[in-house]
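Peer 1: quick one, structure for this:
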Amino acid sequence: MNPYTLIIFFTALGLGTSLTFLSSHWLLAWMGLEMSTLAIIPLMAQHHHPRATEAATKYFITQAAAAAMLLFAAISNAWMTGQWSITQIMHPLPNSLLILALALKLGLAPTHVWLPEVLQGLDLTTGMILSTWQKLAPFALLLQIHESNPHLLLILGLTSILVGGWGGLNQTQLRKILAYSSIAHLGWMVMIMQFSPSMALMALLTYIAMTSSTFMVFSFTKSTTTNALSTSWTTAPVITALAPLALLSLGGLPPLTGFMPKWLIIQELTKQQLAPAATVAALAALLSLYFYLRLTYSMAMTISPNNTPATSPWRLPTKGNTMLLSLTLILALMLLPMTPTIMA
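Peer 2: Residues are numbered from 1 along each chain as shown. Okay, here's the model as predicted:
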(Lines give C-alpha, C1' and ligand atoms only; values in the text may rest on other atoms or scores of the structure.)
Protein backbone atom coordinates (compact mmCIF):
# COMPACT_ATOMS: atom_id res chain seq x y z
CA MET A 1 0.00 0.00 0.00
CA ASN A 2 1.12 3.53 -0.77
CA PRO A 3 2.84 5.16 2.25
CA TYR A 4 0.69 8.28 1.99
CA THR A 5 -2.45 6.14 2.01
CA LEU A 6 -1.15 4.33 5.10
CA ILE A 7 -0.56 7.67 6.82
CA ILE A 8 -4.14 8.72 6.07
CA PHE A 9 -5.59 5.48 7.48
CA PHE A 10 -3.40 5.56 10.61
CA THR A 11 -4.29 9.22 11.16
CA ALA A 12 -8.00 8.41 10.87
CA LEU A 13 -7.49 5.51 13.28
CA GLY A 14 -5.90 7.78 15.85
CA LEU A 15 -8.46 10.56 15.34
CA GLY A 16 -11.38 8.16 15.76
CA THR A 17 -10.06 6.80 19.04
CA SER A 18 -9.15 10.29 20.28
CA LEU A 19 -12.63 11.57 19.44
CA THR A 20 -14.16 8.79 21.53
CA PHE A 21 -11.78 9.58 24.40
CA LEU A 22 -12.64 13.28 24.40
CA SER A 23 -16.39 13.09 23.83
CA SER A 24 -19.05 13.36 26.53
CA HIS A 25 -21.92 12.93 24.05
CA TRP A 26 -23.01 9.50 22.86
CA LEU A 27 -23.30 10.59 19.22
CA LEU A 28 -19.73 11.92 19.16
CA ALA A 29 -18.48 8.73 20.84
CA TRP A 30 -20.34 6.67 18.23
CA MET A 31 -18.80 8.74 15.42
CA GLY A 32 -15.31 8.13 16.84
CA LEU A 33 -15.91 4.37 16.96
CA GLU A 34 -17.12 4.40 13.36
CA MET A 35 -14.09 6.39 12.19
CA SER A 36 -11.66 3.91 13.74
CA THR A 37 -13.63 0.95 12.34
CA LEU A 38 -13.67 2.34 8.79
CA ALA A 39 -9.96 3.22 9.02
CA ILE A 40 -8.77 -0.26 9.99
CA ILE A 41 -10.82 -2.20 7.39
CA PRO A 42 -8.57 -1.16 4.42
CA LEU A 43 -5.52 -2.10 6.53
CA MET A 44 -7.05 -5.54 7.03
CA ALA A 45 -7.68 -6.12 3.34
CA GLN A 46 -4.47 -4.52 2.01
CA HIS A 47 -2.86 -7.84 0.99
CA HIS A 48 -5.78 -8.84 -1.29
CA HIS A 49 -5.72 -12.38 0.05
CA PRO A 50 -9.06 -14.24 0.27
CA ARG A 51 -8.58 -14.83 4.00
CA ALA A 52 -7.83 -11.14 4.57
CA THR A 53 -10.91 -10.09 2.58
CA GLU A 54 -13.04 -12.55 4.52
CA ALA A 55 -11.67 -11.26 7.83
CA ALA A 56 -12.33 -7.63 6.85
CA THR A 57 -15.91 -8.51 5.80
CA LYS A 58 -16.62 -10.35 9.06
CA TYR A 59 -15.15 -7.50 11.07
CA PHE A 60 -17.21 -4.90 9.20
CA ILE A 61 -20.50 -6.80 9.70
CA THR A 62 -19.82 -7.40 13.40
CA GLN A 63 -18.76 -3.83 14.13
CA ALA A 64 -21.72 -2.45 12.16
CA ALA A 65 -24.10 -4.57 14.25
CA ALA A 66 -22.41 -3.40 17.48
CA ALA A 67 -22.51 0.25 16.36
CA ALA A 68 -26.22 -0.03 15.45
CA MET A 69 -26.96 -1.56 18.87
CA LEU A 70 -24.96 1.18 20.61
CA LEU A 71 -26.75 3.94 18.69
CA PHE A 72 -30.14 2.36 19.40
CA ALA A 73 -29.34 2.15 23.12
CA ALA A 74 -28.14 5.78 23.22
CA ILE A 75 -31.31 6.99 21.44
CA SER A 76 -33.49 4.90 23.77
CA ASN A 77 -31.74 6.36 26.78
CA ALA A 78 -32.21 9.90 25.44
CA TRP A 79 -35.90 9.14 24.88
CA MET A 80 -36.35 7.76 28.43
CA THR A 81 -34.17 10.19 30.40
CA GLY A 82 -33.88 13.24 28.13
CA GLN A 83 -30.06 13.44 28.11
CA TRP A 84 -27.19 12.32 25.87
CA SER A 85 -24.28 12.63 28.28
CA ILE A 86 -22.10 9.57 28.79
CA THR A 87 -21.41 10.27 32.46
CA GLN A 88 -25.03 10.87 33.55
CA ILE A 89 -27.27 8.27 35.18
CA MET A 90 -28.82 6.00 32.54
CA HIS A 91 -32.01 3.96 32.39
CA PRO A 92 -31.23 0.30 33.27
CA LEU A 93 -32.40 -1.16 29.94
CA PRO A 94 -30.31 1.09 27.63
CA ASN A 95 -27.45 0.67 30.11
CA SER A 96 -27.47 -3.12 29.65
CA LEU A 97 -27.80 -2.76 25.86
CA LEU A 98 -24.81 -0.39 25.77
CA ILE A 99 -22.70 -2.81 27.79
CA LEU A 100 -23.61 -5.67 25.42
CA ALA A 101 -22.85 -3.50 22.36
CA LEU A 102 -19.43 -2.57 23.75
CA ALA A 103 -18.84 -6.23 24.66
CA LEU A 104 -19.49 -7.10 21.01
CA LYS A 105 -17.06 -4.35 19.96
CA LEU A 106 -14.36 -5.70 22.30
CA GLY A 107 -14.96 -9.40 21.64
CA LEU A 108 -16.09 -10.39 25.14
CA ALA A 109 -17.78 -13.77 25.52
CA PRO A 110 -20.46 -14.77 24.62
CA THR A 111 -20.16 -12.24 21.74
CA HIS A 112 -16.59 -13.36 21.00
CA VAL A 113 -17.03 -15.74 18.05
CA TRP A 114 -15.90 -13.22 15.43
CA LEU A 115 -12.55 -12.37 17.05
CA PRO A 116 -10.53 -15.61 16.48
CA GLU A 117 -11.78 -15.91 12.89
CA VAL A 118 -11.00 -12.28 12.05
CA LEU A 119 -7.57 -12.35 13.70
CA GLN A 120 -6.65 -15.56 11.88
CA GLY A 121 -7.13 -13.87 8.50
CA LEU A 122 -4.87 -10.89 9.25
CA ASP A 123 -1.14 -10.38 9.16
CA LEU A 124 0.56 -10.09 12.54
CA THR A 125 1.01 -6.31 12.44
CA THR A 126 -2.65 -5.57 11.71
CA GLY A 127 -3.61 -8.25 14.24
CA MET A 128 -1.57 -6.43 16.87
CA ILE A 129 -3.42 -3.18 16.12
CA LEU A 130 -6.76 -4.98 16.38
CA SER A 131 -5.79 -6.63 19.68
CA THR A 132 -4.41 -3.50 21.33
CA TRP A 133 -5.33 -0.09 19.88
CA GLN A 134 -8.87 -1.03 18.84
CA LYS A 135 -9.68 -2.06 22.43
CA LEU A 136 -8.99 1.42 23.82
CA ALA A 137 -12.09 3.33 22.67
CA PRO A 138 -14.79 0.80 23.71
CA PHE A 139 -12.94 0.21 26.97
CA ALA A 140 -12.91 3.95 27.68
CA LEU A 141 -16.68 4.08 27.15
CA LEU A 142 -17.20 1.15 29.52
CA LEU A 143 -15.18 2.99 32.16
CA GLN A 144 -17.27 6.15 31.76
CA ILE A 145 -20.73 4.58 31.99
CA HIS A 146 -22.25 5.77 35.25
CA GLU A 147 -23.49 3.02 37.60
CA SER A 148 -23.04 0.11 35.23
CA ASN A 149 -24.80 -3.19 35.83
CA PRO A 150 -22.33 -5.02 38.14
CA HIS A 151 -23.95 -8.43 37.75
CA LEU A 152 -23.84 -8.24 33.95
CA LEU A 153 -20.18 -7.16 33.99
CA LEU A 154 -19.32 -9.98 36.40
CA ILE A 155 -21.07 -12.56 34.20
CA LEU A 156 -19.37 -11.23 31.06
CA GLY A 157 -15.99 -11.28 32.79
CA LEU A 158 -16.25 -14.82 34.17
CA THR A 159 -17.63 -16.15 30.87
CA SER A 160 -14.78 -14.51 28.95
CA ILE A 161 -12.12 -15.95 31.27
CA LEU A 162 -13.59 -19.46 30.92
CA VAL A 163 -14.10 -19.23 27.15
CA GLY A 164 -10.65 -17.71 26.63
CA GLY A 165 -9.10 -20.59 28.55
CA TRP A 166 -11.07 -23.44 27.02
CA GLY A 167 -11.03 -22.05 23.47
CA GLY A 168 -7.25 -21.83 23.21
CA LEU A 169 -6.51 -25.37 24.37
CA ASN A 170 -6.78 -27.18 21.04
CA GLN A 171 -5.43 -24.41 18.78
CA THR A 172 -2.25 -24.63 16.74
CA GLN A 173 -2.54 -21.26 14.99
CA LEU A 174 -0.76 -18.53 16.94
CA ARG A 175 -3.17 -15.78 15.95
CA LYS A 176 -6.16 -17.76 17.22
CA ILE A 177 -4.31 -18.50 20.47
CA LEU A 178 -3.64 -14.78 20.92
CA ALA A 179 -7.31 -14.05 20.16
CA TYR A 180 -8.46 -16.36 22.96
CA SER A 181 -5.77 -14.85 25.16
CA SER A 182 -7.28 -11.42 24.46
CA ILE A 183 -10.76 -12.67 25.39
CA ALA A 184 -9.49 -14.06 28.70
CA HIS A 185 -7.54 -10.93 29.65
CA LEU A 186 -10.48 -8.66 28.82
CA GLY A 187 -12.58 -10.81 31.14
CA TRP A 188 -10.25 -10.00 34.04
CA MET A 189 -10.50 -6.28 33.28
CA VAL A 190 -14.29 -6.26 33.01
CA MET A 191 -14.70 -8.16 36.29
CA ILE A 192 -12.85 -5.50 38.29
CA MET A 193 -14.02 -2.45 36.30
CA GLN A 194 -17.02 -1.67 38.53
CA PHE A 195 -15.03 -1.81 41.78
CA SER A 196 -11.68 -0.27 40.75
CA PRO A 197 -11.52 1.50 37.35
CA SER A 198 -7.86 2.43 37.89
CA MET A 199 -6.98 -1.24 38.39
CA ALA A 200 -8.86 -2.18 35.21
CA LEU A 201 -6.93 0.50 33.29
CA MET A 202 -3.65 -0.77 34.73
CA ALA A 203 -4.55 -4.32 33.64
CA LEU A 204 -5.33 -3.03 30.12
CA LEU A 205 -2.00 -1.22 29.81
CA THR A 206 0.01 -4.21 31.02
CA TYR A 207 -1.96 -6.45 28.64
CA ILE A 208 -1.14 -4.11 25.73
CA ALA A 209 2.58 -4.22 26.58
CA MET A 210 2.65 -8.03 26.87
CA THR A 211 0.53 -8.70 23.77
CA SER A 212 2.46 -6.19 21.64
CA SER A 213 5.75 -7.85 22.55
CA THR A 214 4.33 -11.30 21.72
CA PHE A 215 2.95 -10.18 18.35
CA MET A 216 6.25 -8.49 17.46
CA VAL A 217 8.26 -11.58 18.42
CA PHE A 218 6.10 -13.76 16.17
CA SER A 219 6.32 -11.18 13.39
CA PHE A 220 10.11 -10.93 13.73
CA THR A 221 10.54 -14.71 13.57
CA LYS A 222 7.82 -15.05 10.88
CA SER A 223 5.97 -17.67 12.91
CA THR A 224 2.23 -18.28 12.53
CA THR A 225 1.89 -21.85 13.89
CA THR A 226 3.23 -23.70 16.91
CA ASN A 227 5.36 -25.91 14.66
CA ALA A 228 7.07 -22.86 13.16
CA LEU A 229 8.19 -21.74 16.62
CA SER A 230 10.63 -24.64 16.88
CA THR A 231 12.78 -23.24 14.05
CA SER A 232 12.82 -19.62 15.24
CA TRP A 233 15.91 -19.96 17.45
CA THR A 234 18.27 -20.18 14.47
CA THR A 235 17.28 -16.79 13.06
CA ALA A 236 16.82 -14.88 16.35
CA PRO A 237 18.33 -16.79 19.28
CA VAL A 238 18.25 -13.95 21.83
CA ILE A 239 14.64 -12.99 21.08
CA THR A 240 13.64 -16.66 21.07
CA ALA A 241 15.20 -17.03 24.51
CA LEU A 242 13.18 -14.07 25.88
CA ALA A 243 9.91 -14.88 24.11
CA PRO A 244 8.97 -17.80 26.44
CA LEU A 245 9.26 -15.40 29.37
CA ALA A 246 6.85 -13.00 27.62
CA LEU A 247 4.40 -15.87 27.10
CA LEU A 248 4.66 -16.88 30.76
CA SER A 249 4.08 -13.24 31.68
CA LEU A 250 0.84 -13.37 29.68
CA GLY A 251 -0.04 -16.44 31.72
CA GLY A 252 0.44 -14.50 34.95
CA LEU A 253 3.42 -16.26 36.51
CA PRO A 254 5.56 -14.43 39.10
CA PRO A 255 8.00 -12.66 39.10
CA LEU A 256 6.91 -11.37 35.68
CA THR A 257 4.72 -8.37 34.89
CA GLY A 258 1.59 -10.41 34.10
CA PHE A 259 1.34 -11.57 37.70
CA MET A 260 0.68 -8.01 38.93
CA PRO A 261 -2.85 -7.38 37.51
CA LYS A 262 -4.12 -10.90 38.29
CA TRP A 263 -2.81 -10.72 41.86
CA LEU A 264 -4.34 -7.29 42.51
CA ILE A 265 -7.66 -8.16 40.85
CA ILE A 266 -8.06 -11.35 42.91
CA GLN A 267 -7.24 -9.37 46.04
CA GLU A 268 -9.82 -6.68 45.20
CA LEU A 269 -12.53 -9.23 44.36
CA THR A 270 -11.94 -10.89 47.71
CA LYS A 271 -12.31 -7.53 49.46
CA GLN A 272 -15.66 -7.04 47.66
CA GLN A 273 -16.98 -10.34 49.11
CA LEU A 274 -16.62 -12.07 45.72
CA ALA A 275 -14.25 -14.84 46.77
CA PRO A 276 -16.13 -17.53 44.70
CA ALA A 277 -15.75 -15.42 41.52
CA ALA A 278 -12.07 -14.81 42.31
CA THR A 279 -11.54 -18.56 42.82
CA VAL A 280 -13.21 -19.44 39.49
CA ALA A 281 -11.14 -16.78 37.70
CA ALA A 282 -7.89 -18.04 39.26
CA LEU A 283 -8.66 -21.65 38.31
CA ALA A 284 -9.66 -20.64 34.77
CA ALA A 285 -6.33 -18.81 34.43
CA LEU A 286 -4.65 -22.21 34.64
CA LEU A 287 -6.31 -23.14 31.34
CA SER A 288 -4.72 -20.14 29.65
CA LEU A 289 -1.40 -20.94 31.30
CA TYR A 290 -1.50 -24.41 29.74
CA PHE A 291 -1.49 -23.20 26.14
CA TYR A 292 1.15 -20.58 26.95
CA LEU A 293 3.27 -23.44 28.28
CA ARG A 294 2.67 -25.33 25.01
CA LEU A 295 4.08 -22.41 23.06
CA THR A 296 6.98 -22.11 25.49
CA TYR A 297 7.72 -25.80 25.01
CA SER A 298 7.70 -25.39 21.22
CA MET A 299 10.11 -22.47 21.34
CA ALA A 300 12.54 -23.55 24.06
CA MET A 301 12.46 -27.34 24.36
CA THR A 302 11.78 -28.69 20.86
CA ILE A 303 14.63 -29.86 18.62
CA SER A 304 14.13 -28.34 15.22
CA PRO A 305 14.43 -30.43 12.02
CA ASN A 306 17.89 -30.63 10.45
CA ASN A 307 17.10 -31.77 6.92
CA THR A 308 18.09 -29.55 3.98
CA PRO A 309 14.63 -28.19 3.02
CA ALA A 310 14.02 -27.12 6.59
CA THR A 311 17.42 -25.51 7.08
CA SER A 312 17.52 -23.48 3.89
CA PRO A 313 15.50 -20.53 5.23
CA TRP A 314 17.81 -20.28 8.24
CA ARG A 315 20.77 -19.25 6.09
CA LEU A 316 19.15 -15.87 5.51
CA PRO A 317 19.43 -13.82 8.73
CA THR A 318 16.33 -11.90 9.80
CA LYS A 319 16.86 -8.15 9.79
CA GLY A 320 14.60 -5.56 11.29
CA ASN A 321 14.31 -2.76 13.81
CA THR A 322 13.98 -4.29 17.27
CA MET A 323 13.86 -1.11 19.38
CA LEU A 324 10.09 -1.21 19.98
CA LEU A 325 10.25 -4.98 20.48
CA SER A 326 12.97 -4.57 23.10
CA LEU A 327 10.99 -1.89 24.94
CA THR A 328 7.78 -3.92 25.08
CA LEU A 329 9.68 -7.05 26.15
CA ILE A 330 11.24 -5.12 29.05
CA LEU A 331 7.78 -3.87 30.07
CA ALA A 332 6.33 -7.37 29.79
CA LEU A 333 9.01 -8.89 31.99
CA MET A 334 10.19 -6.40 34.59
CA LEU A 335 7.33 -4.22 35.88
CA LEU A 336 6.38 -6.33 38.90
CA PRO A 337 8.80 -4.56 41.32
CA MET A 338 7.18 -1.28 40.29
CA THR A 339 3.72 -2.36 41.57
CA PRO A 340 3.64 0.01 44.62
CA THR A 341 4.61 2.97 42.42
CA ILE A 342 2.08 2.08 39.70
CA MET A 343 -0.80 1.68 42.18
CA ALA A 344 0.09 4.80 44.21
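Peer 1: for residue 177, see how far away residue 60 is.
Peer 2: 24 Å (Cβ to Cβ, to the nearest Å). No exception for glycine: its C-beta is placed from N, CA and C like everyone else's.
Peer 1: okay, the two: which has more neighbours?
Peer 2: Between residue 60 and residue 177, counted using other Cβ atoms under 10 Å, the more crowded position is residue 177 (25 against 17).
Peer 1: got any ranges where the stretch 101-250 of the chain has weak pLDDT?
Peer 2: Scanning the stretch 101-250 of the chain with the threshold set as pLDDT under 70 gives 146-148.
Peer 1: show me which helix runs longest in the protein.
Peer 2: helix 50-81 (DSSP state H).
Peer 1: what helices and strands are in contact with it?
Peer 2: Counting contacts by 3 or more Cβ pairs under 8 Å, 6 or more residues apart in numbering; DSSP states H and E, helix 50-81 packs against helix 26-44, helix 92-106, helix 114-120.
Peer 1: any buried residues in it, and which?
Peer 2: When neighbours are counted by 16 or more other Cβ atoms under 10 Å, the buried residues of helix 50-81 are found to be 52, 54-56, 58-60, 62-63, 66-67, 69-71, 73-74, 76-78.
Peer 1: please apply the same query to stretch 271-290.
Peer 2: For stretch 271-290, by 16+ other Cβ under 10 Å, it's 274, 277, 278, 281, 282, 284, 285, 287, 288, 289.
Peer 1: then stretch 92-105?
Peer 2: Buried-residue list, stretch 92-105, by 16+ other Cβ under 10 Å: 94, 95, 96, 97, 98, 99, 100, 101, 102, 103, 104, 105.
Peer 1: next one: the fourth one from residue 145, what distance?
Peer 2: Read it as residue 97. 11 Å.
Peer 1: what of the first one?
Peer 2: Distance of residue 94 to residue 145, computed by Cβ to Cβ: 10 Å.
Peer 1: again with the second one
Peer 2: From residue 95 over to residue 145 the distance is 7 Å, taken as Cβ to Cβ.
Peer 1: now swap in the fifth one and tell me
Peer 2: Look at residue 98 and residue 145: by Cβ to Cβ, they are 6 Å apart.
Peer 1: overlap of the contact sets of those two?
Peer 2: residue 90 (Cβ atoms under 8 Å, 6 or more residues apart in numbering).
Peer 1: for residue 337, helix, strand, or coil?
Peer 2: helix (DSSP: H, G, I helix; E, B strand; the rest coil).
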